[in-house]
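1. Got a sequence here, can you model it:
(one chain, ligands or ions: 1)
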Amino acid sequence: MDWGMQHRLANIIPRETGRTVMLAVDHGYFLGPTGGLEEPQKTVTPLLPHADSLMLTRGVLRQCIDPRSRVSIVLRVSGGTSILTELSNEEITVSIEDAIRLNVSAMALSIFVGSENERRTLANLAKLVDMGEQYGIPVLAVTAVGKDMQRDARYLSLCCRIAAELGARIVKTYFCEGFEEVVGGCPVPIVIAGGKKIEERAALQLAHDAVSGGALGVDMGRNIFQSDNPVGMIRAVRQVVHEHKTPDEAFRFLTGLRGAAA
Ligand code: R5P
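-> Coordinates of the predicted model:
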């Protein structure tokens, strides 16, 4: 692997632990002003020191993120659809030149295996990998987005393996029963999405189960920025992912912060 590719991956995965806490705030690219992200700058700025990387679109990056920030950028480069239409009908929405200009550490794109646009999104991934590899920029493939997707181990294994076979360097998917099977069948590291906001103790359990099951870490959004204490929550997630704390220990830390603030 070339130095540039290795360096960018190392920007996302701190070598001290070999795990990662990615903060996903790219929801607006098809959901519009998602709850908690109405004013991205306000929400994201206090979280930046606690995230190993930030996953977002170029519009929000340019308008809302201080370029002096040291956070690594995972740029969302697929889109072109909204929640009102067929989500899988995506295109590559950013040129490789603009990704280079933005000094990104990775580019992220969704694939929709089993959807009517399966072929198009897989071809998008292959094209993006070709461009990324030319310049040493890793591609992160996002799988199984969409409310109708059955997120079981059989389906997620299929998606993750295809993403890896097409050249993704990291795959983002969902945690599921039998997650080890998904990880075992995927030759590149997996990070998990948090999904819809759930109770904080449960979200910490999810992060714990994912890393115990072999995930590289989390690429979590709503369960962090929709928490009533987003900074406390991302710090608690870091304790689980990087410090091997139990969900109970991390949850006690979070509730302790609330108690101290009261
Ligand atoms: C999905 O296409 C996007 O990458 C989402 O922003 C991401 O998966 C959401 O993260 P979460 O489910 O943790 O809010």
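2. Can you show me the strands along the stretch 151-262 of the chain?
-> For the stretch 151-262 of the chain, strands defined by DSSP state E, counting those that start in this stretch occupy the ranges 170-173, 190-192, 217-220.
3. close to the ligand, is whichever helix in the chain runs longest?
-> The single longest helix within the chain, with elements called by DSSP state H, is helix 118-135. No: applying C-beta under 6 Å from any ligand atom, one finds that helix 118-135 is not in contact with the ligand, the shortest distance being 11.7 Å. Just so you know, the C-beta spots here come from the backbone N, C-alpha and C atoms, and that holds for glycine as well.
4. And that helix, what's buried?
-> Applying a neighbour-count criterion of 16 or more other C-beta atoms under 10 Å, one finds R120, T121, L122, N124, L125, L128, V129, M131, G132, E133 buried in helix 118-135.
5. just stretch 67-84 next, same as before
-> Judged by neighbour count using 16+ other C-beta under 10 Å, the buried positions of stretch 67-84 are V71, S72, I73, V74, L75, R76, V77, S78, G79, T81.
6. Pipe those into a markdown table and attach distance to the ligand per row.
-> What follows is the buried residues of stretch 67-84, written out as a markdown table (distance: C-beta to the nearest ligand atom, whole Å):
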| residue | distance to the ligand |
| --- | --- |
| V71 | 16 |
| S72 | 16 |
| I73 | 14 |
| V74 | 9 |
| L75 | 11 |
| R76 | 7 |
| V77 | 11 |
| S78 | 9 |
| G79 | 9 |
| T81 | 11 |
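7. could these go into TSV alongside pLDDT and secondary structure?
-> TSV is the format used below for the buried residues of stretch 67-84 (pLDDT from 0 to 100; DSSP: H, G, I helix; E, B strand; the rest coil):
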residue	pLDDT	secondary structure
V71	95	coil
S72	97	strand
I73	98	strand
V74	98	strand
L75	98	strand
R76	98	strand
V77	98	coil
S78	97	strand
G79	97	strand
T81	93	coil
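8. I appreciate the help and will end here.
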